[in-house]
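1. Show me the folded form of this:
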Amino acid sequence: MAMSAPAFHLRSSFIPLLGIVFLALVAREAKADEVNSERLELVLPTSTIELGLGSVHGARPSAGQFFGLGKNEAGVIGAVDWQGGGIYDSDDSRRWRLYGEELGLDTRSLGVEYGQQGRYRLRLAYDQLPVLQSDSYQTPLLGARSADSTHLLLPNAFSARKAVGPSALPALSDAFANFAIGTRRIRSDLAFEAALNDFWQIKASYRHDLKEGSKTTGALAGSVGGAVMILPEPINATTEQFSLSLAYAAQRRHLQVSYAGSMFSNRMSGLHYQNPFSAGQLENRLGNAPDNQFHQLKIDGSYNFSSSTRLSAAIAYGRMTQNQTFLPYSTNPLLSTLPQSSLHGLIVSESVNLKLTSRPWRDVSLLASYRYDERDNRTPVIAYTRSAYETGSASTQVNIPYSRSRSKASLEADYLLRRGSNLALGLERETIHRYCRQLPESCNEVERSTEDTLRAEWRQTFSNRISGKLAYSDSTRRANDGYTVLDPAAELAGMRKFLYADRDRRQLRSNLTLVASEALAFNARVDMNEDQYRQSRFGLTRADSRAGTLDASIAVNDDFSLYAFYTREDIHSRLANRYSGANQTTLELPANEWDARMHDTVDAIGLGVKHMGLISGRLVVSADLIFLQTASRYDITGGTCTGSACNGNLPSALPEVSSHQLTLKTDLRYEIDRESSVRLAGQFNYRRSKDYAYEGITAISSTRVLGTNEAPLNIDGHFVGLSYIHRFR
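-> Sure, this is the predicted structure:
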């Protein structure tokens, strides 16, 4: 299913807005009769309604979708912030608010709140968010454009040619159709809270998320040989989340019992597609994310032993289940049957969290905490036998129910060295146990690991204008029983999976704030991270990152202000590998070894200005300019082997992937009178990217891959909107 371009129904968006305007005008006249305007400014908040039109123009048809609009279309600009209820100095404590933004666009949001101060509050909200993944995706498969289509067929003209295998691809070159790939998320929220009395409070919430559209998915085509197709997978799934809690609070103690649940439902059970790589275009099938549920009960509370000592505790128990019926092994009914109807998946989670805070002396604060959580996978272990037709040879595999328990204990102390100067020290130990309860043998490379972390932080207020912070942490992770290679015949000797491997980590955080005057302020921040995997001969051996931010704000006067910022992020990682020809585990020649060095950079620059004093204070002008540039480099060093063992297949560097994006937003508001103003808003987006995955590659460039003819997702468009804003009380 392809996500169609957003369509704007002017009438359906305009009529509700006109109704809101009419009601607002009526309410304004009624309030004006009750109290004078000067008193209203003190006791009633200002409400606003905005209504106008906007349009998008761009070099590509999809430009409007980056502004919440359709393809080069006009849309309604609508916003409301309408507040009412009892005035602040009256005996009426009821309050209500209706708020919404971008009501005529596909990025609209709308909400309403109603309540009585100190007694209850009800909130209802709605919003939606479109995301465009690609505007140049192409496929010859019919049915991709249909809503909720799960059956993708080759064109009739192609079937008539009776072409099979790689030779089929040129026959498809004139059958590719273009459509957009993307999703739309629609969210609804309902929340309620009420004070039953001075000690008890109840809260309840419900959230409904609907995600629809399509995404690209790689799928195997054929039985033996590994041909691949990039399919448009339809998305139509809902997630429902709900919670309920009852809390008790007294002077020295607090107790809360809560329940949380989540239910995921996927309306797409599977995807069927014809295969251009097989004789007769046989049908293949791909499963979708299965339905699942999560339910958790939690009890947490706290007790104040004194004004300086507090104990908090929480325990939780949860269950995750997955019981959706399996798809059959194959569309061929003569093949093997499944050993059971569904996974019968069950994961039980348990956690305990304790925290003790105390201030035993005036200058010393202490924090001790302990947390234990376990994820116990109780899914039955079953042997699944796949047919030789689909895998090349009959094979039997079992599902592996990975489980994990983790405990973390920490102790922190904060000491006031002198006025304006604090030193904090912390020590933490984390222990992880990985296991598979239903299997007799080990299922993880590292069953038990321990990580110790030491932290230190210095906070200093040098003067009433200068303050700063410097923090450092050093952690060491070690496998308690060493690293076990589970499959020596398939894994490179000396390679370690980075999430289990021994690691030394160092982190440095610093921040400095300078308020040069009431009008000028600076802030600088630098973060540094370093990970070393000293025991890993191959795989990820090192990862470093550096990030820095500098921002400044200037208030020229009460009406004119400026800001600017620059951010730089630098990420390096190093991976060691070895080319070993056919014998991957035993051929160890120095010339076969090589390093891959990845280097990613992100630069962001922002400038902004706001002036509120033009034309005797009636004109407010603001502008924001943001420039973003990214680059990814992949270089290879070593690997000089030229012997027959290498077969000329040594690794090589990949071309650089880069992008740069410029966004300019402007806003001009002219005040006609105290109640009316006109707004002229504009936005310009420009983006260009360079990616070797798209350049010079067509859908039939490879005889084993049915591609998509996609191009990088570039932007070149601008938005202009004119609206009227009405203010009232």
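2. Only C-alpha atoms from now on, for both contacts and neighbour counts.
-> Fine.
3. for the residue nearest to the spatial centre of the chain, what are its contacts?
-> Nearest residue to the geometric centre of the chain (Cα atoms, centre = their mean): V131, 12.3 Å. Neighbouring residues of V131 by Cα atoms under 8 Å, 6 or more residues apart in numbering: G182, T183, R184.
4. In strands, which of those appear?
-> G182, T183, R184 (DSSP state E).
5. Quick one: buried ones out of these?
-> G182, T183, R184 (16 or more other Cα atoms under 10 Å).
6. Kindly reformat those as JSON lines containing pLDDT.
-> Shown next, in JSON lines, are these (pLDDT from 0 to 100):
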{"residue": "G182", "pLDDT": "87"}
{"residue": "T183", "pLDDT": "89"}
{"residue": "R184", "pLDDT": "90"}
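7. With distance to R633 added, can I get those in TSV?
-> Shown next, in TSV, are those (distance: Cα to Cα, whole Å):
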residue	distance to R633
G182	28
T183	30
R184	33
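8. Show me which of those is closest to R95.
-> For these, the residue nearest R95 by Cα to Cα is R184; the value is 33.1 Å.
9. is it true that S407 lies in a strand?
-> Yes: counting by DSSP: H, G, I helix; E, B strand; the rest coil, S407 is located in a strand.
10. can you pull up the bridge partners for it?
-> Y372, T431 (DSSP bridges).
11. try G721
-> G54, A681.
12. Next: the one 5 residues further on.
-> Applying DSSP bridges to H726 yields these beta-bridge partners: I49, S676.
13. Number of residues surrounding it?
-> Per other Cα atoms under 10 Å, the neighbour tally for H726 reads 19.
14. ditto for N275
-> 26.
15. Next one: it relative to Q201, how far apart?
-> 59 Å (Cα to Cα, to the nearest Å).
16. on that earlier part again, Provide the strand pairings for the helix or strand where the residue nearest to the centre of the chain lies, with the direction of each partner.
-> Using DSSP states H and E, the element containing V131 is strand 120-134. Using DSSP bridges, strand 120-134 pairs in its sheet with strand 109-116 (antiparallel), strand 181-195 (antiparallel).
17. Show me which parts of that strand are buried, residue by residue.
-> 120-128, 130-132, 134.
18. elements contacting whatever helix or strand comes next after it?
-> Moving toward the C-terminus from strand 120-134, the next helix or strand (DSSP H and E) is strand 138-139. If you count contacts as 3 or more Cα pairs under 8 Å, 6 or more residues apart in numbering; DSSP states H and E, strand 138-139 packs onto strand 177-178.
19. Contacts for the strand it packs on, please.
-> S136, Y137, Q138, T139, P140.
20. Need the buried ones from those residues selected in PyMOL.
-> Restricted to buried positions by 16+ other Cα under 10 Å, the PyMOL selection for those reads:
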select buried, resi 136+137+138+139+140
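21. What is the nearest of the contacts of strand 177-178 to V398?
-> Using Cα to Cα, those come closest to V398 at T139, 35.4 Å.
22. I'd guessed the closest one sits against S173; true?
-> No: using Cα atoms under 8 Å, T139 is not in contact with S173; the gap is 9.6 Å.
23. picking that back up, of the strands paired with strand 120-134, which is nearest G608?
-> strand 109-116 (25.9 Å).
24. Put the alpha carbons of the closest one into CSV.
-> In CSV, the C-alpha atoms belonging to strand 109-116 read as follows (Å, rounded to 0.1, in the frame of the first residue of the first chain):
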residue,chain,number,x,y,z
SER,A,109,-3.3,18.9,16.5
LEU,A,110,-6.3,19.7,18.7
GLY,A,111,-7.0,19.3,22.4
VAL,A,112,-9.5,20.3,25.1
GLU,A,113,-9.0,20.5,28.9
TYR,A,114,-11.7,21.0,31.5
GLY,A,115,-11.4,20.8,35.3
GLN,A,116,-11.9,22.3,38.7
